[in-house]
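Novice: Okay, here's the prediction I keep looking at, along with the sequence it came from:
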Amino acid sequence: MKNFTISLYAFHLRHTLTDSPDEVDFQKESLLWENLVKVGENSLPFDGLKNLRSNLVCYQNDEYDSNFDQARPHFWLTNSGTLELGNINTKNLKIKAELQPFLLKDTYAFDLNISPESANTPVDVSQINQFQPSSLLPSKIEASLGQTLWIYGEVDENVNCQKLADEIAEGLLKDTNLKPILLNQGKLFGSLLFEYQADDPNEPYNCTKRCHILILLNNNQAPTLELFGKAYDWIINLLCCYHKIFYIYQQACQRKPEARRIYSKLNRETLNYFNLIAKSDTELDQMKDWLIKIAQDALKYNIYLRDLDAHNTSIRTNIANYRKCLQKITEIGEVPHYWQTFLNRDCKLWQTQIKTDINFLAPGKDLFEQMIDSIRGIVEIKEAKLEEEKIKLDAEKAERDRSLERTIQVATVALGSGAIAAASISAHIDKPFKPLNPKYPVHPMISSMFWSTLGTITLGFLTWLWTKRKFKS
């Protein structure tokens with residue numbers, strides 16, 4: 001192969017809708033660039049790659065600055081366009097590299113291009129490992145949205161391009177646990193384009209760890225590079241939309257089972273709810289605990305449903321952007337048919353699936369709200385009844401307290417008054433009263449007791465009348 005190049009296109013989500021502007025995770029935001037620097041330090045020692053921070057506008061004094069785009073929003077993340085990273089010598093090749101870093105709205109992206117110093121230097125499959133392709137895999141770059149390894153080479157027309165593409169794909173993933181699978185093949189700007197995919201065996205549905213490979217072989221001297229240069233910006237954005245659509249659908253697939261798990265739990269709790277409210281002796285605290293649990297599940301459910309709505313909006317937007325990019329590229333030259341198939345079949349299917357999930361789960365939101373309102377109403381009724389009973393008990397207690405107080409007052413006044421009366425009268429009784437029958441005189445003690453009792457009864461009765469009037473008022 002001549003004019004051989006390996007290009008790595010990586011896409012990293014800078015921030016999400018739920019990320020607060022005031023709470024920036026610098027480590028997460030700058031992960032793409034920090035990992036690229038590590039590649040330069042460990043496996044591809046290009047000087048420009050090791051000193052990358054000093055050439056990016058999102059770094060100040062080698063420290064990541066998240067506010068750079070507020071003062072200067074633009075497409076390029078450099079002041080001078082493409083960064084020439086320098087040259088390094090391998091076993092029997094001298095290779096060069098250049099980097100084009102971008103900011104695509106909410107996404108960091110770069111195109112790292114590695115090739116022999118001379119375009120006429122022939123490269124065979126056995127030499128691919130000298131480009132250190134293992135350092136360009138998803139496990140090293142960790143781009144949150146995904147990445148594409150794009151290989152270009154010019155070959156003779158009698159070469160079996162299918163076989164060569166298979167060998168290149170296997171060479172790129174040599175000594176790894178990734179196995180490339182041919183997905184599609186077509187033509188781009190007159191050259192043969194083969195699409196491969198290698199999923200991580202431990203996380204086969206994680207698009208962040210999926211290795212996407214495009215191998216473009218020019219076997220008929222087509223003006224592929226010239227047309228590719230004209231369509232470059234649109235191709236970058238097309239790949240970005242492609243990976244975003246995969247990422248969004250993956251996120252939606254994660255939210256669906258989480259929401260359905262809560263929805264199933266709600267159905268089970270509904271039966272318990274009817275049994276609970278049917279019992280008149282259900283404790284208020286038990287109802288309140290149940291209300292708290294339902295409210296917590298409802299909040300999680302609404303968050304999952306909100307995320308699905310956001311994913312639906314996002315995938316619709318990216319599908320529209322993908323369609324626009326594909327149209328612009330098609331105006332420049334021939335594109336592989338499966339790019340259009342991805343739009344017409346896969347994108348449509350995934351968007352429909354997300355809408356279906358939302359339609360299926362949306363009624364659960366109303367059911368949650370109805371259950372919460374119902375339980376809250378029962379709790380309020382029970383609390384009102386308890387309050388009434390408490391007021392009634394407090395009134396009865398107060399009445400008992402007033403009655404006791406009144407009794408004590410009457411007894412105290414009566415007994416005290418009777419004692420005073422008895423003492424006063426006894427002081428003037430030094431002999432018995434003259435009786436009607438002189439044979440039976442009245443003893444002074446009996447006289448004292450008589451007047452004491454009369455005083456106690458009289459003053460006690462007067463005190464009772466006074467306290468009765470007082471308590472009524």
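Specialist: Arrived safely.

Novice: May I see the buried residues of stretch 223-235?
Specialist: Along stretch 223-235, these residues count as buried under the neighbour rule (16 or more other Cβ atoms under 10 Å): Thr224, Leu225, Leu227, Phe228, Lys230, Ala231, Trp234, Ile235. Heads up, the C-betas are built off the backbone N, CA and C, glycines and all.

Novice: Quick one: end-to-end distance for it.
Specialist: Its start and end residues considered, stretch 223-235 measures 16 Å (Cα to Cα, to the nearest Å).

Novice: Identify the residues contacting that stretch?
Specialist: Outside of stretch 223-235, the residues within contact range by Cβ atoms under 8 Å, 6 or more residues apart in numbering are 3, 152, 188-191, 216, 218, 325, 328-329, 332-333.

Novice: So which of those sit within strands?
Specialist: Assignment to strands by DSSP state E places the following of those there: Asn3, Tyr152, Leu188, Ser191, Leu216, Asn218.

Novice: Now those residues in CSV, please, with extra columns for neighbour count.
Specialist: Output for the ones in strands among the contacts of stretch 223-235, formatted as CSV (neighbours: other Cβ atoms under 10 Å):
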residue, neighbour count
Asn3, 19
Tyr152, 22
Leu188, 22
Ser191, 25
Leu216, 23
Asn218, 23
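
Novice: ok, so of the residues you listed, who is nearest Asp166?
Specialist: Checking those against Asp166 by Cβ to Cβ gives Leu216 as the nearest, at 14.6 Å.

Novice: you'd agree the closest one is up against Thr148?
Specialist: No. In terms of Cβ atoms under 8 Å, Leu216 does not count as a neighbour of Thr148; the distance is 11.5 Å.

Novice: among the ones in strands among the contacts of stretch 223-235, which two are most distant?
Specialist: With distances taken as Cβ to Cβ, the most widely separated pair in these is Asn3 and Leu188, at 15.4 Å.

Novice: Now do the buried residues in stretch 38-56.
Specialist: Neighbour-count burial for stretch 38-56, with 16+ other Cβ under 10 Å as criterion, is recorded at Val39, Gly40, Leu44, Phe46, Gly48, Leu49, Lys50, Leu52, Arg53, Asn55, Leu56.

Novice: how far away is the closest residue to Asp106 other than its chain neighbours from Tyr108?
Specialist: If the residues on either side of it in the chain are set aside, Asp106 comes closest to Arg14, at 5.4 Å by Cβ to Cβ, 6 or more residues apart in numbering. From Arg14 over to Tyr108 the distance is 5 Å, taken as Cβ to Cβ, to the nearest Å.

Novice: More neighbours: which of these two?
Specialist: For Arg14 and Tyr108, the more surrounded residue by other Cβ atoms under 10 Å is Tyr108, and the numbers stand at 24 against 21.

Novice: Let me see the contact set for the residue lying closest to the more buried one once chain neighbours are set aside.
Specialist: Counting by Cβ to Cβ, 6+ apart, Tyr108 lies nearest to His12, which is 4.5 Å off, once chain neighbours are set aside. Taking Cβ under 8 Å, 6+ apart as the contact definition, His12 lies against Leu31, Leu32, Thr107, Tyr108, Ala109, Ala143, Ser144, Leu145.

Novice: Strands along the stretch 201-350 of the chain, start to end?
Specialist: Taking DSSP state E, counting those that start in this stretch, the strands of the stretch 201-350 of the chain run over residues 211-218.

Novice: what stretches of it score poorly on pLDDT?
Specialist: Within the stretch 201-350 of the chain, the set of residues satisfying pLDDT under 70 comprises 270-287, 290.

Novice: what residues are up against Trp350?
Specialist: Under the criterion of Cβ under 8 Å, 6+ apart, the neighbours of Trp350 are Ile245, Tyr249, Ala252, Ile315.

Novice: ok, so what distance separates the second one from Phe342?
Specialist: Right, the one you point to is Tyr249. Tyr249 is 12 Å from Phe342, by Cβ to Cβ.

Novice: What's the end-to-end length of stretch 81-95?
Specialist: 21 Å.

Novice: now what about that stretch, what contacts it?
Specialist: Counting by Cβ under 8 Å, 6+ apart, stretch 81-95 makes contact with 40, 44-49, 52, 55, 96-101, 114-117, 121, 123, 127, 130-131, all of which sit outside it.

Novice: Now, these that are in strands?
Specialist: Counting by DSSP E, the part of these found in strands is Lys96, Ala97, Glu98, Leu99, Gln100, Pro101, Ile114, Ser115, Pro116.

Novice: Just flag the most distant two among the contacts of Trp350.
Specialist: With Cβ to Cβ as the measure, no two of these lie farther apart than Ile245 and Ala252, at 10.7 Å.

Novice: more neighbours, those two?
Specialist: Set side by side, Ile245 and Ala252 give different neighbour counts by other Cβ under 10 Å, the larger being at Ile245 (25 against 22).

Novice: Could you give the number of residues near the nearest residue to the more buried one once chain neighbours are set aside?
Specialist: Spatial nearest neighbour of Ile245, chain neighbours left out: Asn318 (5.2 Å); criterion: Cβ to Cβ, 6+ apart. Asn318: 21 surrounding residues under other Cβ under 10 Å.

Novice: Please verify my assumption that Asn318 contacts Leu238.
Specialist: No. Asn318 is beyond contact range of Leu238, at 10.6 Å (criterion: Cβ under 8 Å).

Novice: Can you name the residues that contact Trp33?
Specialist: Trp33 sits in contact with Leu52, Arg53, Leu56, Cys58, Tyr59, Tyr64, Pro101, Tyr108, where contact means Cβ under 8 Å, 6+ apart.

Novice: how near is the nearest residue to the fifth one once chain neighbours are set aside to Gln60?
Specialist: Leaving out its chain neighbours, the residue that sits closest to Tyr59 by Cβ to Cβ, 6+ apart is Arg53, at 4.4 Å. When distances are taken as Cβ to Cβ, Arg53 and Gln60 turn out to be 9 Å apart.

Novice: what does Asn51 give?
Specialist: As it turns out, when the distance is counted by Cβ to Cβ, Asn51 lies 15 Å from Gln60.

Novice: One more: Gln127?
Specialist: Counting by Cβ to Cβ, the gap between Gln127 and Gln60 amounts to 40 Å.

Novice: Between the two, tell me which one has more neighbours.
Specialist: Taking Gln127 and Gln60 together and counting by other Cβ under 10 Å, Gln127 has the greater number of neighbours (18 against 13).

Novice: pLDDT wise, what is the spatially closest residue to the more buried one that is not a sequence neighbour at?
Specialist: In space, not counting the residues next to it along the chain, Gln127 is nearest to Leu93; the distance is 6.4 Å by Cβ to Cβ, 6+ apart. Among the per-residue scores, Leu93 shows a pLDDT of 89.

Novice: Cool, thanks, talk later.
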